[in-house]
Structures are given as C-alpha cells and as structure tokens.
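1. please find the sequence and the predicted model below.
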Amino acid sequence: MRPGRIALWVLAALTAVYLVLPVFIVIPTSFSASSFLEFPPKEWSGRWYENFFTDPVWLDSALASLRVAVLVTLLSLVLGTAAALGMVRGRYRLRALVSGLVMAPVLVPYVIVGLAVYATFLELGLTQTTLGFVLVHTALAVPYVVITVSSSLVSFDRRLEQAAMSLGAGPVSTFARVTLPLIAPGLAGGAVFAFVTSFDEVVTGVFLSGPDLTTLPVQMWSGVRVQIDPTVAAVSTMLLLVTLAVFATAGLLRRRKS
Amino acid sequence: MTALRRLGDGWGMLVLPLAAFLLVVFVYPLASVLARSLTDPEPGLGNYAAFFDSPVYLDVLGNTFVTAGLVTLVTLLLGFPYAYLMTVARPFWRGVLMAAVLVPFWTSLLVRTFAWVLLLRDTGVVNALIPGEPVPLLRNLAGITIGMVQVMLPFAVLPMYATMRGIDRRLLRAAEGLGATPVFAFWRVYAPLALPGVAAALLLVFVSTLGFYVTPALLGGPKDVMIGELIVQQLSGVLRWGFASALAVILLLVTGALLLVASRLVDLRKMIGSGS
C-alpha cells in the first residue's frame, strides 16, 4: 500500500472509533454504586436500574413515550402512505409547493417547531397531552414515511395490479393483497423511522412537557441538564442495548436474504 | 365536486389529508410565530430592532455561525477521507465502515450526548488519561465541537459516499494515462465531480448545526450560547414571547436561504432519505 493510503486508513479507523466507542462508556458506568458515577466503578450495584423500575416518574415517562411513538407510527403510516401514493401516481395542482410542504418539517430547526407548537397548543389546551405530542411528532416523522414509501412505489410494476384486476379482484382487494405486500419493505422502513423519530424526540418535548405528561427523552434531559441523575446511565444502557439488538437483527435478516 | 376535481385526479387527491394535516399542525403555528414577532408586546419591528441593536444578541448570532463553521470544517476533514475510503475499500471493510456510521445514526441523541458528558467532564475518562491538571473539555466550544461532529458525521458521510460512488474511477486512470500525477488527477478530475454532493452535504451540516439545541445546550458553557438556546432562554426565563418569536424568524430565514442554495446543488429529498 502507498503511504497515503495507509494514512487514510488510520484516519478512518480513528474516526470509526470516535463514532462508535464513546457511547459504550454508559454501560459500565451505569453499574456504579456511587452517585458520582465514577469510571471505572469502585463498587458495583444495580441500584440505578432498581430506581428506574420503582420510580413512577421514570416509568410513567417511558410508558408515555412508548404510547406516543406507537400512535405516531400508525398515524404517519396512514397519512404518509396515502400522500406517497398521490405524489407518485397522481396529478395534482401546486406539485412543487406540496412536496416542499411535506419535506419542510425535517428541514425547519426543531427548536422553532417547538416554540411554534407550544404557543398554539397552549391556547388549545394541548400541551402536556398525548394528543399534542402525537400531532407534533407525526408532523416531524411523516416525511420519512413519504420518502421510504415513495421509493418503493417508484420501482413498482403497475401491471401486477392490472393483472389482479383483470382476474376479477376489486380495487380494495387489489390494494390489500397486491399493492401493500409489494411496498411492505418501504412501509417497514418508514415505520422504523417514524417510531425512532418520535421516541427520541426531545426538543419539542422540552416545550410541551410538564407535570401531567413528560416523555422519556425529556426526563433524561432534565436528569443531565442541571445535575446528573445516575438513573440516566441505566436508562441509556437499556436504550443502547435495544438499539444494538435491533441493529444486529436487521443485519442478520439482510444477510439471510442475500 | 367540480372544485375538488380541479385540485387533481383520483390518485392526486390522496395527498390532501397530509397537506391539510401539515397546514394545521405545522404551517399555522409557524405563521403565528411570525405574526407574534411583529405584534408582541406592541405592533412594529421593535423585537427585530432590539436584536440588531444589542451587541449581546449579535454575539450569540456570531457565535452560532462560528460554531457551525467549525463543526462543518471538522466534519469535512474527517468525513471526506472516510467517505472516499468507503468507495475504494473491499466489500467487507466497506460494510464495517458503513456500520460505524449507522450505529451512532440510530442511537438515541440523548444517550450519545450523555456519554460525552461522562467522558469529557473533569473527572471523566479522557482527563484520567491526560496527565496533570484536568483539561476543560466540557461547558466550552471544545465540548460542543466534539459532540456535534459526532452527531453530524453520518449526515455528511452518507450523501458524500453516495456521490463519490457514482464517479467513474476510469476517468482518474485516463488522466494518469495522459501524464497527470495521481495527486493532480485527483484534484483536477475527481474533486470537481465530487464537489456538488460534498458541498450540499456540508451545507446541510452547517444549517442543521445552526439550529441545533440539545447538544450545544448540554456540552456548551454560558459563553457558548447559540441561537437555539437563546430562544428557549427568552421564553422559559423571561417570557419574552415576541422577542423569542423574532429570534425564531431570523433563524428560519437564515436556514431557508441556505437550504435554497443547497437545493440548487442536489435533490434534498435524496439526502434526507440517505440513512435508510
């Protein structure tokens, strides 16, 4: 190898380490017995995990986040899939404006969205409610569904639908038994994006949360902001392990397919 | 029905529910922010005048740009060689490099930011490895940059890789065959072809950093306040709704102008979806 290429590999290896390794610090730290979370821990304990599972504040926020994320996933799949079908197959007025509108929530800084919906939702009494969170998170998540479903629709062979229709299937059954299964990978990808966008969303949550409803990321946020609540380390470890498990499963499935 | 017909055909109508949803939940609140910035506490441009008259607030804006520029520069220096290497590596190593980019992409932002707090604080791992007095790495620009570059790298590497993968490497060999040195061929043939994708990726990184709130707020100090944090402070601290709204409008205008430039270079929709 040329020396230039070796230098390139060294830089890339260091970058990869910088990208991946730091986050693993949370795993050993979360088992520290001390509330200063020293690393490496002098004494080990599971007290911060116990704290998470016994403290209603933490448990409620985790449940609230799950509830919101599931509803957001469903709502964005419905709205996003319909819009993707319309955008790929249909003719409609103001095309550029509509596709700009659909993509805008990803591009506008979340802190602006947070301020805007906070002001509006205060008047409507929607702050600190599941509905309020679901509405905002859906707006933020739906562009990803439109993108993933659109890309699976673009490569879709419409003759398959015509074949089903000519064999006597009605439009509903054609959609349910031919179209949906064929765009399922796009739907699945969109669903994952939507769920993660909602479950991990903190900025708009900082505005909308309060004693009545706080999501898990906002609870973690306040656990780091002023003074470190060691429970955040336990929560972080659990979230990290879930992410890695999903990641590994996806990798294995992909390998099996190819 | 005829009025509806004019909006589009049967399939086209399917975009209406989402468009209506976004108009109510997204566009209307943003429009009220604009209105509020011009009317609260009294009608006029007072909120904007207060911003541009005060060195304190202009400092925050300048600081925001400097931080975003620094983050973008470091992201380019680390991300460009990385993306380039992905295009020439063997499939196995390309997969490893890709996984290293995707793991942080899919890991919770708060988990990653919290990890940096643990690592960079005075009693943290990094300072334990450096002999002598603890080096301040948290609550300052160094902390923000370290944390933000890690957040932004996947967003830069994935589109840069997509652009560079599409470049025909035989062009490099043709240039070399005509007498160019490899370095000359790289800068005169390869770099210009990669430029639009790379520039757009960097512009997106810059824009996202400008409006970022979480990581700067947790890893930065009181001197490094960026405009996103200032918006929250003005609202939660002193309830200056009109002023906070004006700040949001200024940030939105800057963001929009830069995105317009980026959209001239590449298809933004492709860049947003590049993580899937």
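-> Thanks, I have it. Numbering: from 1, shown residues only, chains lettered A, B, ... in the order given.

2. thought A:Thr130 was touching A:Leu71?
-> Yes. Counting by CB atoms under 8 Å, A:Thr130 touches A:Leu71, with 7.3 Å between them. (C-beta placed from N, C-alpha, C; glycine too.)

3. name the nearest residue to the residue nearest the centre of chain A, sequence neighbours excluded.
-> In chain A, the C-alpha nearest the mean C-alpha coordinate belongs to A:Val196, at 1.3 Å (CA atoms, centre = their mean). Once flanking residues are discounted, A:Val196 sits nearest to B:Trp106: 6.9 Å by CB to CB, 6 or more residues apart in numbering or on different chains.

4. distance check, the one you found against A:Val23.
-> Counting by CB to CB, to the nearest Å, the gap from B:Trp106 to A:Val23 is 11 Å.

5. between these two, which one's more packed in?
-> A:Val23 (26 against 16; other CB atoms under 10 Å in any protein chain shown).

6. not counting residues beside it along the chain, what's closest to that one?
-> Leaving aside its chain neighbours, A:Val23 sits nearest to B:Ala115 (4.6 Å; criterion: CB to CB, 6+ apart).

7. report the buried residues of stretch A:201-216.
-> Neighbour-count burial for stretch A:201-216 flags A:201-209, A:213-216 (criterion: 16 or more other CB atoms under 10 Å in any protein chain shown).

8. what about these, which are in helices?
-> Among those, the residues falling in helices (DSSP state H) are A:Val203, A:Thr204, A:Gly205, A:Val206, A:Phe207, A:Leu208, A:Leu216.

9. what is the nearest of these to B:Glu176?
-> A:Val203 (49.3 Å; CB to CB).

10. hmm, that closest one is touching A:Ile112, no?
-> No. A:Val203 lies out of contact with A:Ile112 (CB under 8 Å); the separation is 9.4 Å.

11. all helices for the stretch 1-150 of chain A, in order.
-> A:3-20, A:26-30, A:47-54, A:56-89, A:95-107, A:110-124, A:130-154 (DSSP state H, counting those that start in this stretch).

12. sorry, back to before: okay, A:Thr130 and A:Leu71: which has more neighbours?
-> Remark: of A:Thr130 and A:Leu71, A:Leu71 carries more neighbours, 18 against 14, as counted by other CB under 10 Å.

13. coming back round to it: any chance of JSON lines for the buried residues of stretch A:201-216, columns pLDDT and distance to chain B?
-> Putting these into JSON lines (pLDDT from 0 to 100; distance: CB to the nearest CB, whole Å) gives the following:
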{"residue": "A:Glu201", "pLDDT": "96", "distance to chain B": "9"}
{"residue": "A:Val202", "pLDDT": "96", "distance to chain B": "6"}
{"residue": "A:Val203", "pLDDT": "97", "distance to chain B": "5"}
{"residue": "A:Thr204", "pLDDT": "97", "distance to chain B": "10"}
{"residue": "A:Gly205", "pLDDT": "96", "distance to chain B": "10"}
{"residue": "A:Val206", "pLDDT": "95", "distance to chain B": "7"}
{"residue": "A:Phe207", "pLDDT": "96", "distance to chain B": "8"}
{"residue": "A:Leu208", "pLDDT": "96", "distance to chain B": "12"}
{"residue": "A:Ser209", "pLDDT": "96", "distance to chain B": "12"}
{"residue": "A:Leu213", "pLDDT": "96", "distance to chain B": "17"}
{"residue": "A:Thr214", "pLDDT": "96", "distance to chain B": "13"}
{"residue": "A:Thr215", "pLDDT": "97", "distance to chain B": "11"}
{"residue": "A:Leu216", "pLDDT": "97", "distance to chain B": "9"}
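
14. as a markdown table, those with distance to B:Gly12 would be great.
-> Below are these laid out as a markdown table (distance: CB to CB, whole Å):
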| residue | distance to B:Gly12 |
| --- | --- |
| A:Glu201 | 31 |
| A:Val202 | 36 |
| A:Val203 | 34 |
| A:Thr204 | 31 |
| A:Gly205 | 35 |
| A:Val206 | 38 |
| A:Phe207 | 35 |
| A:Leu208 | 34 |
| A:Ser209 | 39 |
| A:Leu213 | 38 |
| A:Thr214 | 41 |
| A:Thr215 | 36 |
| A:Leu216 | 39 |
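
15. contacts only, for B:Leu171.
-> B:Val189, B:Tyr190, B:Leu193 (CB atoms under 8 Å, 6 or more residues apart in numbering or on different chains).

16. of those, which is the nearest to B:Phe206?
-> B:Leu193 (21.9 Å).

17. ramachandran coordinates for the closest one?
-> phi -70, psi -30 (degrees, to the nearest 10).

18. contacts only, for A:Val88.
-> Going by CB under 8 Å, 6+ apart, A:Val88 touches A:Ser150, A:Leu153, A:Val154.

19. separate out the buried members of the residues you listed.
-> A:Ser150, A:Leu153.

20. could I get the contacts of A:Val88 in CSV, plus columns for distance to chain B?
-> Formatted as CSV, the contacts of A:Val88 follow (distance: CB to the nearest CB, whole Å):
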residue, distance to chain B
A:Ser150, 8
A:Leu153, 11
A:Val154, 12
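
21. quick one: residues contacting B:Ile146.
-> By CB under 8 Å, 6+ apart, the contact list for B:Ile146 reads B:Trp116, B:Leu120, B:Leu137, B:Leu219.

22. quick one on the thing from earlier: among the ones in helices among the buried residues of stretch A:201-216, which pair sits farthest apart?
-> A:Phe207 and A:Leu216 (16.0 Å).

23. run a quick neighbour tally on the closest residue to A:Leu71 other than its chain neighbours.
-> Excluding the flanking residues, the one nearest A:Leu71 by CB to CB, 6+ apart is A:Val134, at 4.7 Å. Counted with other CB under 10 Å, the neighbours of A:Val134 add up to 22.

24. so what touches stretch A:97-107?
-> Under CB under 8 Å, 6+ apart, the answer for stretch A:97-107 is A:83, A:87, A:92, A:113, A:139-140, A:142-144, A:146, B:15, B:18-19, B:22-23, B:26-27, B:207, B:255, B:259, B:268-269, B:272.

25. from these, keep the buried residues only.
-> Among these, those buried by neighbour count (16+ other CB under 10 Å) are A:83, A:87, A:92, A:113, A:139-140, A:142-144, A:146, B:15, B:18-19, B:22, B:26-27, B:207, B:255, B:259, B:268-269, B:272.

26. and the longest helix along chain B, what does it pack onto?
-> Ordering each helix of chain B by length in residues (DSSP H) puts helix B:55-88 first. Packing partners of helix B:55-88 (3 or more CB pairs under 8 Å, 6 or more residues apart in numbering or on different chains; DSSP states H and E): helix A:3-20, helix B:46-53, helix B:91-106, helix B:141-165, helix B:191-210, helix B:227-236.
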